[in-house]
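Chemist: Could you work out the structure for the sequence below:
(one chain, ligands or ions: 2)
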Amino acid sequence: DYSVHMKLYSLAAALANITVTNHEVTYDPDTSWLKFHLGINRYALYSRDDPTVLQLIKDMQSMTVISAVVKPSGHHLKLALKMRNLAKAMFKPMRQQRDEETPEDVFYFVDLQRHNAEIAAFHLDRILDFRRVPPVVGRLVNITSEVLKVTQNEDLRAVFFTSPANNTCFFAKCLYVCKTEYAACGSPDLLEGSLSAYLPGLSIAPRISIPSPWIRSYTFTGREEWEVNPFYCDTIKQQYPYNSGNRLLNIIDMSIFDFLIGNMDRHHYEIFTKFGDEGFLLHLDNARGFGKHAKDEMSILSPLSQCCMIKQSTLLRLQLLAQSEFRLSDVMRESLQEDSLRPILTEPHLLALDRRLHKVLRVVHQCVRRLASQRHRQLRQARIQKQQTQNN
Ligand SMILES: Nc1ncnc2c1ncn2[C@@H]1O[C@H](COP(=O)(O)OP(=O)(O)OP(=O)(O)O)[C@@H](O)[C@H]1O
Ligand SMILES: [Mn+2]
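Modeler: Ligands and ions are numbered 1, 2, ... in the order given. Predicted structure coming up:
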């Protein structure tokens with residue numbers, strides 16, 4: 001069982017006689033991560049041409065890792081890596097090749113987490129001018145020298161082992177037992193992964209997690225009300241906090257983002273409490289995007305198609321990215337080229353973005369037609385009524 005496995009692996013780690021490397025810490029009040037934290041405002045995580053983000057990306061990409069800690073949440077092993085300048089980043093290891101697709105029969109909630117989806121989602125979010133995803137970079141991490149040797153954490157050391165092919169591996173998921181199919185292995189020590197810049201801690205910048213009104217059922221057979229009631233949005237529109245301000249429009253932005261990346265797993269969203277109800281929605285955890293390039297999951301767009309509303313700024317941006325000079329796939333390809341783990345997305349996934357963008361614009365167009373004909377009917381009825389009162 002699990003505990004026996006853990007004991008064996010701890011023993012193996014102890015026998016390997018690992019000595020912890022102690023790196024020197026340099027403190028600098030001018031670091032990129034601190035500037036990133038200070039720049040967060042009620043509209044976005046960073047501003048449009050913020051040089052801080054470029055520096056932060058560089059630092060996450062290359063800076064010495066001084067410690068590694070396992071994040072306890074979820075079923076997947078995620079590591080919090082600390083850099084020499086005390087910046088922290090969440091590391092998600094590579095679990096899938098770029099050209100591997102999610103099999104047809106796999107449910108969205110058991111799908112693998114893709115490090116390249118995290119990277120691509122950050123770039124897409126920036127291109128859409130949302131700036132609601134914390135900066136993410138790809139990095140080849142030496143899991144022996146940069147993780148195993150710098151961790152003081154026994155739980156983390158305990159999941160490391162050497163594979164029959166002599167590669168260094170660790171279990172990325174131990175549900176009940178640590179199964180080798182859930183291991184992530186270096187080659188022999190180098191492993192690709194995504195690094196997402198940490199947000200300020202919850203004690204300085206508290207966040208709350210709110211279930212999405214368009215949450216899916218996390219069972220094999222369940223159906224949620226939004227899936228069966230075409231007037232679901234009318235109910236949501238009456239309810240706090242969706243009955244005023246921008247919140248519903250923000251949800252619709254998020255659904256467009258998720259439709260473009262093909263993410264069906266957005267069960268919750270987070271907001272900073274300091275900015276109140278008008279604050280932006282954080283788009284955290286995009287690792288289940290980009291699973292199937294040939295599938296456009298229209299149900300993800302339900303908030304848009306059922307509510308028939310969109311921010312003007314979002315629509316203008318989407319229309320711009322549908323033009324041939326600024327084609328979304330071209331802008332994305334160019335942007336992703338900057339990441340050291342390039343290519344991040346295969347061509348079919350890039351081209352799917354253009355196809356999906358057109359589908360979003362088509363839904364908007366259908367809404368305009370629907371609302372116009374409704375308005376037409378209302379005006380005609382008003383005219384008839386007026387005529388009748390005159391005749392009487
Ligand atoms: N860049 C970040 N900075 C700080 N906290 C983060 C960051 N990214 C994610 N988190 C927090 O960590 C939690 C788990 O991360 P994430 O959802 O990406 O991983 P997961 O494997 O899907 O875990 P879970 O099953 O808990 O959702 C998130 O809900 C969020 O609160
Ligand atoms: Mn998650």
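Chemist: Tell me, how many residues neighbour the closest residue to residue 84 other than its chain neighbours?
Modeler: Spatial nearest neighbour of residue 84, chain neighbours left out: residue 64 (4.5 Å); criterion: CB to CB, 6 or more residues apart in numbering. C-beta coordinates here come from the backbone N, C-alpha and C atoms, glycine included. Neighbours of residue 64 under the rule other CB atoms under 10 Å: 15.
Chemist: Surely residue 64 and residue 83 touch.
Modeler: Yes. The pair formed by residue 64 and residue 83 meets the contact definition of CB atoms under 8 Å, at 6.7 Å.
Chemist: host element of residue 82?
Modeler: strand 78-83 (DSSP states H and E).
Chemist: So is that strand next to ligand 1?
Modeler: Yes. Strand 78-83 is in contact with ligand 1 by CB under 6 Å from any ligand atom, via residue 78.
Chemist: so the next helix or strand after that strand versus strand 78-83, what angle?
Modeler: Sequence order places strand 88-93 as the next helix or strand after strand 78-83, per DSSP H and E. Angle, strand 88-93 to strand 78-83, by axes from the mean of the first three to the mean of the last three CA atoms, to 10 degrees: 130 degrees.
Chemist: can you give me the angle the helix or strand that comes right after strand 88-93 makes with strand 88-93?
Modeler: The helix or strand immediately downstream of strand 88-93 is helix 115-127, counting by DSSP H and E. If you take the same axes, to 10 degrees, helix 115-127 sits at 130 degrees to strand 88-93.
Chemist: ok, and what's touching helix 115-127?
Modeler: Residues from elsewhere that reach helix 115-127 (CB atoms under 8 Å, 6 or more residues apart in numbering): 92-95, 98, 131-138, 192-194, 196, 257, 260-261, 263, 283, 286-291, 321, 328, 331-332, 335-336, 339, 341, 344-345, 349, 353.
Chemist: For those, I'd like a selection string for PyMOL - just the buried members, please.
Modeler: A single PyMOL command is used to select the members of the contacts of helix 115-127 judged buried by 16 or more other CB atoms under 10 Å:
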select buried, resi 92+93+94+95+131+132+133+134+135+136+137+138+192+193+194+196+257+260+261+263+283+286+287+288+289+290+291+321+328+331+332+335+336+339+341+344+345+349+353
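Chemist: from the contacts of helix 115-127, which are also near ligand 1?
Modeler: 134, 196.
Chemist: I'd say residue 79 and residue 69 touch.
Modeler: Yes. Applying CB under 8 Å, one finds residue 79 in contact with residue 69, separated by 6.8 Å.
Chemist: which regions of the stretch 101-250 of the chain lie under the pLDDT threshold?
Modeler: Under the criterion pLDDT under 70, the flagged ranges of the stretch 101-250 of the chain are 173-181.
Chemist: Please repeat the previous calculation with a cut-off of 90.
Modeler: Applying pLDDT under 90 to the stretch 101-250 of the chain flags the ranges 104-113, 151-160, 170-184, 218-222.
Chemist: next one: the stretch 251-392 of the chain
Modeler: For the stretch 251-392 of the chain, the stretches with pLDDT under 90 are 372-376, 378, 387, 389-392.
Chemist: Which single residue in it comes nearest to ligand 1?
Modeler: Residue of the stretch 251-392 of the chain nearest ligand 1, by CB to the nearest ligand atom: residue 285 (3.3 Å).
Chemist: Could you check which helix or strand contains that residue?
Modeler: Assigned by DSSP H and E, residue 285 falls within no helix or strand.
Chemist: before we move on, back to that, report the set of residues contacting both of residue 79 and residue 69.
Modeler: residue 156.
Chemist: Give me the more crowded residue out of these two.
Modeler: Higher neighbour count among residue 79 and residue 69: residue 79, with 27 against 16, using other CB under 10 Å.
Chemist: ok, that one to ligand 1 distance?
Modeler: 11 Å (CB to the nearest ligand atom, to the nearest Å).
Chemist: Not counting its neighbours along the chain, what's nearest that residue?
Modeler: Nearest to residue 79 is residue 91, by CB to CB, 6+ apart, at 4.3 Å.
Chemist: surely that neighbour meets residue 76?
Modeler: No. Residue 91 is beyond contact range of residue 76, at 11.1 Å (criterion: CB under 8 Å).
Chemist: higher neighbour count, those two?
Modeler: residue 91 (24 against 16).
Chemist: how about stretch 366-375 as CSV, C-alpha atoms only?
Modeler: The C-alpha trace of stretch 366-375 is given here as CSV (Å, rounded to 0.1, in the frame of the first residue of the first chain):
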residue,chain,number,x,y,z
GLN,A,366,-26.4,35.5,-34.4
CYS,A,367,-27.0,37.4,-31.2
VAL,A,368,-27.1,40.7,-33.0
ARG,A,369,-29.7,39.3,-35.5
ARG,A,370,-31.7,37.8,-32.7
LEU,A,371,-31.8,41.0,-30.7
ALA,A,372,-32.6,43.0,-33.8
SER,A,373,-35.6,40.9,-34.7
GLN,A,374,-36.8,41.0,-31.1
ARG,A,375,-36.6,44.8,-31.2
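Chemist: For that stretch, buried residues please.
Modeler: residue 367.
Chemist: Write out the residues of the chain neighbouring ligand 1.
Modeler: Proximity of the chain to ligand 1 is confined to 73-74, 76, 78, 90, 113, 134, 196-199, 270, 284-285 under the rule CB under 6 Å from any ligand atom.
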